[in-house]
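Colleague: sequence and predicted structure, then a few things I'm wondering about:
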Amino acid sequence: MVSAMADHVDPAPGLAPLDESRRRLLMDSLGIMVSAGGFGLVYGLSARAAGFSPIEAGAMSVLVFAGASQFVAVGYVLGGFSWIAIVLLTAFLNARHLLYAAALAPYVTDRPRWQRALMAHVLTDEAFALAIAHFRRIGRADVTGYWLGAIISTFIPWNVATLVGVSIGGSIPDPARFGLDVIFPAAMAGLAIGLITGRRELVAAISGAVIGVAIGLAWDPAAGIIAGGILGPFVGMAVRPRAGEHGREGQLAFGPEPLHEHAVPYFRERAEHALDDPESGLP
Amino acid sequence: MSTALVPLALLMGLVTYPFRAIPLLAPGFERLPERAKLYLRLVGPSVLAALAAVNLMVVKANDEPPVFHVGWEWLAVGLCVAVVGLRRSLLIGLVLAAATISILRAVGVAPLP
């Protein structure tokens, strides 16, 4: 109802009309849909190779709905690790969603609480990327557009593909012959590359890998992963970003500023980078 | 059909949801200290890189100490990283990685794990 009423609001100067922005959102969503479907299929195959049943793999895709941590769970279950370690690592890995939700929050403060609670469950990397770009174009929230990006293009393809993958995975006799065993490290490395937006992220990633391998060899692989994940960011924080990275970092981490009355928090976020590098300041 | 891992999925969902919901449901979250936000931003690449590196390079048999592993799997994962870095397509990178190691194993260059 709120969304339907909002559809008839004329755009402010400099902002795209809702219909035009939704068309662009739809086109962007198609690419995400293919990607989510393909990746979900790979997850389903990996889950099957680790001994997950369709119900277990499906439950994880519905209840967790976070690709990286689901792949982690597959790897850890396969390795016989404890549930506590898996749950802790899941929390650690998905902590970045705080940033996505914080970036979207100013747009949706006037939405009913139940709606925001539902939006939260389907907030993924992809949903955030689609939603923040769409909201920015129109300068306000569009809940229908959010559902399109989060549910139609991500949640449904991911879950359908998971079930297909875990169902057909059982018919593959020796997954390693088809290279399925490298899918997990390749997916983790690829996702890490996708999150590298500047020197700090790069240093944090390299540090996490080096620390993880060192502790993993000296003690235990699981301890190495946790140590790398905890300590790597501290090394990254000690590095100064390049001058040109200031603005880009702010945009990628917190999203571009909305052009409406809730814009103030975002300008405050931008100022953080001046504190990071007081000698050179903002570009 | 096994449902033994469903409670694990539920627990994983329970620890994930607050990270997604708190900023949307609790006004004023943006006042989190800047250093904390920066740390959170760096956690993703750090933990994912640690996962990839340890999974690829550290092998631990049942009662044996962990050993450093060097193998053709490095090439496959490296190709995936290159594709994602250059083309921003994880799916293509994963397909290429699996195809590469699969071919190398089929022709006998790379041993099966």
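Modeller: Perfect, I can see it now. Residues are numbered from 1 along each chain as shown, chains lettered A, B, ... in the order given.
Colleague: work out which residue lies at the spatial centre of chain A.
Modeller: A:Asp125 (2.5 Å; C-alpha atoms, centre = their mean).
Colleague: now A:Phe81: closest residue in space that isn't a chain neighbour?
Modeller: Excluding the flanking residues, the one nearest A:Phe81 by C-beta to C-beta, 6 or more residues apart in numbering or on different chains is A:Ala222, at 5.5 Å. From N, CA and C alone the C-beta is placed, and that goes for glycine too.
Colleague: whichever strand or helix holds B:Gly44 near chain A at all?
Modeller: Per DSSP states H and E: B:Gly44 is located in helix B:34-57. Yes: legend: contact between helix B:34-57 and chain A by C-beta under 8 Å from any C-beta of the partner chain is shown at B:34-35, B:37-57.
Colleague: any of these buried? List them.
Modeller: The neighbour-count test (16 or more other C-beta atoms under 10 Å in any protein chain shown) marks B:37-57 as buried among the residues of helix B:34-57 next to chain A.
Colleague: which phi and psi does B:Val59 have?
Modeller: Per-residue torsions, B:Val59: phi -120, psi 130 (degrees, to the nearest 10).
Colleague: thought it was touching B:Val70?
Modeller: No: judged on C-beta atoms under 8 Å, B:Val59 makes no contact with B:Val70 at a distance of 10.2 Å.
Colleague: which one of these two has more residues nearby?
Modeller: B:Val59 (17 against 8; other C-beta atoms under 10 Å in any protein chain shown).
Colleague: please report how far that one lies from B:Pro66.
Modeller: Noted for B:Val59: a distance of 7 Å to B:Pro66, by C-beta to C-beta, to the nearest Å.
Colleague: try A:Gly40
Modeller: From A:Gly40 to B:Pro66 the distance is 32 Å (C-beta to C-beta).
Colleague: so between these two, which is more surrounded?
Modeller: Per other C-beta under 10 Å, whichever of A:Gly40 and B:Pro66 has more neighbours is A:Gly40, with 27 against 20.
Colleague: need the contact list for the more buried one.
Modeller: A:Gly40 sits next to A:61, A:67, A:157-162, A:165 when contact means C-beta atoms under 8 Å, 6 or more residues apart in numbering or on different chains.
Colleague: look at the residue nearest to B:Ser102 when sequence neighbours are not counted and report its pLDDT.
Modeller: The spatial neighbour of B:Ser102 that comes closest, neighbours along the chain excluded (C-beta to C-beta, 6+ apart), is A:Gly179 at 3.8 Å. Note on A:Gly179: pLDDT of 80.
Colleague: what comes up buried for whatever helix or strand A:Met119 lives in?
Modeller: In this assignment (DSSP H and E), A:Met119 forms part of helix A:113-121. The neighbour-count check on helix A:113-121 (16+ other C-beta under 10 Å) flags A:116, A:118-121 as buried.
Colleague: check stretch A:46-63 too.
Modeller: Residues of stretch A:46-63 classed as buried: A:46-50, A:52-61, A:63 (neighbour count, 16+ other C-beta under 10 Å).
Colleague: identify the residues contacting the residue nearest to A:Ser46 when sequence neighbours are not counted.
Modeller: Closest residue to A:Ser46 apart from its sequence neighbours, by C-beta to C-beta, 6+ apart: A:Val74 at 5.0 Å. Contact analysis of A:Val74 by C-beta under 8 Å, 6+ apart lists A:43, A:46-47, A:50, A:52, A:184.
Colleague: return the distance of A:Val74 relative to chain B.
Modeller: To chain B, A:Val74 is 10 Å away according to C-beta to the nearest C-beta, to the nearest Å.
Colleague: same question for A:Glu201.
Modeller: 5 Å.
Colleague: try A:Ile172
Modeller: A:Ile172 is 12 Å from chain B, by C-beta to the nearest C-beta.
Colleague: I'd like to know how many residues surround A:Gly224.
Modeller: 27.
Colleague: SS state for it?
Modeller: On the three-state scheme (DSSP: H, G, I helix; E, B strand; the rest coil), A:Gly224 is labelled helix.
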